[in-house]
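Q: How does the following fold in three dimensions:
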Amino acid sequence: MRITHPFVLLFIATACSSPLVTDSIITVEKQFLNFPVSETAPQTRMTLSAGDSLMTCFNIRLDAVHPDYWMFYDVSDLKGKDVTVHAETAVSGLNGIVQSDELIGDEPLYNERYRQQFHFSSRRGWINDPNGLVWYDGEYHLFYQLNPWGIAWDNMNWGHAVSRDLLHWEELPIALHQDQDGMVFSGSAVIDEKNVSGLGKNAMLAFYTEEMPDGQTQYLAYSLDKGRHFTKWKGNPVVDDKMKDGSWHNRDPKVFWYDEGPWWVMVVFEKDGHSIYTSDNLLDWTWQSHMPGFWECPELFDLPVDGHPDNTKWVMTGASGTYMVGLFDGKQFIPESGKLHYVNGYQYAAQTYNNIPKADGRRIQIGWSSIRKAGMPFTGFMQLPLELTLHTTPDGVRLRAFPITETNALFTQVMEAHSMTMEEANERLRTLPDMPDGFLMKFHIRFSHPTDASLVLDGQCILRYDLNFNRIGETDYTPQSALDFEADIYVDRSSIEGFIDGGCFNYIIERSGLDGEKGLCFTCNHETSITVENLLVYSAKSIWQ
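A: So this is what the prediction gives:
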């Protein structure tokens, strides 16, 4: 890594001769403490404390001599105070911790080579499951699993970002910290408008899983300042898991208000599926029922069928994007379908927003993608916000997911063409300008025979549709018509996200085009010809500018 920060040069020059120590006391003068990290350095257990108060504890591969990248910790609330950094084993790397008001790194923040330009990603570290998605007072809150000390899974905290349009995000300090109780796993958040919990009117309540030495337990924390600072509830754990029974797996509480009860509902992954609890005060929970067959990150919500508010169905989902459609009486989910799926590829642990204003009325979902690019000081990103809807099909009621209309503001049209042969369409595509921040491509094609056709970007097949076997890639998909096919393809620096036939099926794959090979084109086998009925291409605007 090319190091440009003058303080870093000083510390690296002296690190080799620095003594092995277990403690370093730092008087906070800047916003960030920057930690040099190497993937090949031995792992050390460390803690940060302010006075007698433990702030956080974590594993880290500290290396002040040959860092691969820099992690940071926001200490803006502690200016003028002493912070003690303690390592369980003596290390020299403590001398390489650098204070700064800007993050240390060798590329401009948010413009690194593989930084997604219209998908949210954390400034540094590993992220996974979205947590606590809730709207309050004009802000969409995105909490998420975060390892701020490395680019692999470990040290789970709740990261935090806010947005007013679900597109442009401001990353805030960590909301829930890993501490002596354990790591902070996934969960959800609600707004206690009537103060039924007694924790404060309009308190933001975060329900999450604490990873304990003897298993996983559901905890509660609350915030009285719009999620900027949380306090752990003194009565934790908030749920005595009904189906613990020797199983380690009891996690990911999703809490929501059930208006017809009226009461609060919590859906928790327990042992082999999703359990349902109810409460009047958000503190005392009663087990009601269990639905086996799902794995972690539960969701349960109702949607109108075909947009008719007097005809609604409930949808239960799991982390992998599988779902069931059915009925819910506030205590038990009764499926009316087998397990279905609407997405394939790098989507996992998607969650929908609580407390969306009734005037809006949409069910908005954000999922996580684990795509990792070598050499980057971050791993993973959040997918585009999607609106979920239910529709009647010949096979029954099915779920659709499509990017929210707000995403249209990120794209500027650069091409529109109609009624072309494949060769004519490819000739038009060759004239496209370079679009380094990504692009959106919308097209409608018609097949002459029920065989296959593909879309290729920089030598990578990013979409293959086999109409004979009803497959997108290797996944079965029932087309909406005999010979027609529509797609919306969102191409970012690290990913390709596709929505087929208006969101009937979705996929997300890594963007891994061949070096030196450039271009976008349709292809098909020698027995097939396609007509490109409509073709629209849009350049993308970066959400970070």
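
Q: which residues does Leu384 contact?
A: For Leu384, the contact set (CB atoms under 8 Å, 6 or more residues apart in numbering) comprises 118-119, 403-404, 407, 490, 497. In this view, the C-beta of every residue, glycine as well, is placed from N, C-alpha and C.

Q: And what about it, helix, strand or coil?
A: Secondary structure, DSSP: H, G, I helix; E, B strand; the rest coil: Leu384 is coil.

Q: ok, back up a step: buried subset of the contacts of Leu384 as a ChimeraX selection?
A: The command below creates a ChimeraX selection of those among those that count as buried (16 or more other CB atoms under 10 Å):
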select :118,119,403,404,407,490,497
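
Q: For Cys57, state which of the contacts of Leu384 is nearest.
A: For the contacts of Leu384, the residue nearest Cys57 by CB to CB is His119; the value is 30.5 Å.

Q: I'd like the distance between that closest one and His308.
A: 33 Å (CB to CB, to the nearest Å).

Q: show me where the stretch 351-500 of the chain has strands.
A: Under the criterion DSSP state E, counting those that start in this stretch, strands of the stretch 351-500 of the chain are mapped to 363-369, 378-379, 381-382, 386-393, 396-403, 411-421, 439-447, 452-457, 460-466, 471-472, 475-476, 484-491, 495-500.

Q: now the longest one against strand 484-491, angle please.
A: Relative orientation of strand 411-421 versus strand 484-491 (axes from the mean of the first three to the mean of the last three CA atoms, to 10 degrees): 150 degrees.

Q: ok, now which ones touch Leu48?
A: Applying CB under 8 Å, 6+ apart, the residues contacting Leu48 are 54-57, 73, 83-86.

Q: I'd like to know how many residues surround the closest residue to Phe230 other than its chain neighbours.
A: Ranked by CB to CB, 6 or more residues apart in numbering and with sequence neighbours excluded, the top spatial neighbour of Phe230 is Ala221, at 4.2 Å. As a burial measure, Ala221 scores 25 neighbours (other CB atoms under 10 Å).

Q: List the beta-bridge partners for Ala221.
A: Ala206, Lys232 (DSSP bridges).

Q: Let me know how buried Arg398 is, in neighbour terms.
A: Neighbours of Arg398 using other CB under 10 Å come to 20.

Q: now Gln365
A: Gln365, neighbours per other CB under 10 Å, totals 23.

Q: From Val343, how far off is it?
A: For Gln365, the distance to Val343 - CB to CB - is 10 Å.

Q: What of Asn195?
A: Distance from Asn195 to Val343, by CB to CB: 38 Å.

Q: does Ala425 really touch Asn534, like I thought?
A: No: with contact defined as CB atoms under 8 Å, Ala425 does not count as touching Asn534 (10.2 Å).

Q: overlap in contacts of these two?
A: Common neighbours of Ala425 and Asn534, using CB under 8 Å, 6+ apart, are Ala417.

Q: ok, these two, which is more surrounded?
A: Ranked by neighbour count (other CB under 10 Å), Ala425 and Asn534 place Ala425 first, with 20 against 14.

Q: Name the spans of the stretch 201-350 of the chain whose pLDDT lies under the cut-off.
A: Low-confidence segments of the stretch 201-350 of the chain (pLDDT under 70): 241-247.

Q: Which stretches in it count as strands?
A: Secondary structure of the stretch 201-350 of the chain (DSSP E, counting those that start in this stretch): strands located at 203-212, 215-223, 231-232, 250-258, 263-270, 273-279, 286-292, 299-305, 308-317, 322-328, 333-335, 340-341, 343-345, 348-352.

Q: Domain parsing of the chain, as residue ranges.
A: Recorded structural domains for the chain (assignment: automatic domain parsing) are 6-100, 125-403, 406-540.

Q: Would you mind finding the most buried of the ones you listed?
A: Comparing the domains of the chain by mean neighbour count (mean count of other CB atoms under 10 Å), domain 125-403 comes out on top with a mean of 19.

Q: What distance separates the opening and closing residues of that one?
A: 26 Å (CA to CA, to the nearest Å).

Q: How about stretch 64-78?
A: First-to-last distance for stretch 64-78 - CA to CA - comes to 24 Å.

Q: How about stretch 469-479?
A: Chord length of stretch 469-479, first to last residue, is 10 Å (CA to CA).

Q: repeat for stretch 34-46
A: 14 Å.

Q: Show residues contacting it.
A: For stretch 34-46, using CB under 8 Å, 6+ apart, the contacting residues are 8, 11-12, 57-64, 66-73, 85-89, 91, 93, 96-100, 103-104, 149-151.

Q: Let me see the mean pLDDT of it.
A: Regarding stretch 34-46, the rounded mean pLDDT is 94.

Q: gap between that stretch and the chain center?
A: Stretch 34-46 sits 25 Å away from the centroid of its parent chain (CA atoms, centre = their mean, to the nearest Å).

Q: Then stretch 219-238?
A: Taking mean C-alpha positions (CA atoms, centre = their mean), stretch 219-238 and its chain are 22 Å apart.

Q: How about stretch 248-260?
A: With CA atoms, centre = their mean, you get 19 Å for stretch 248-260.
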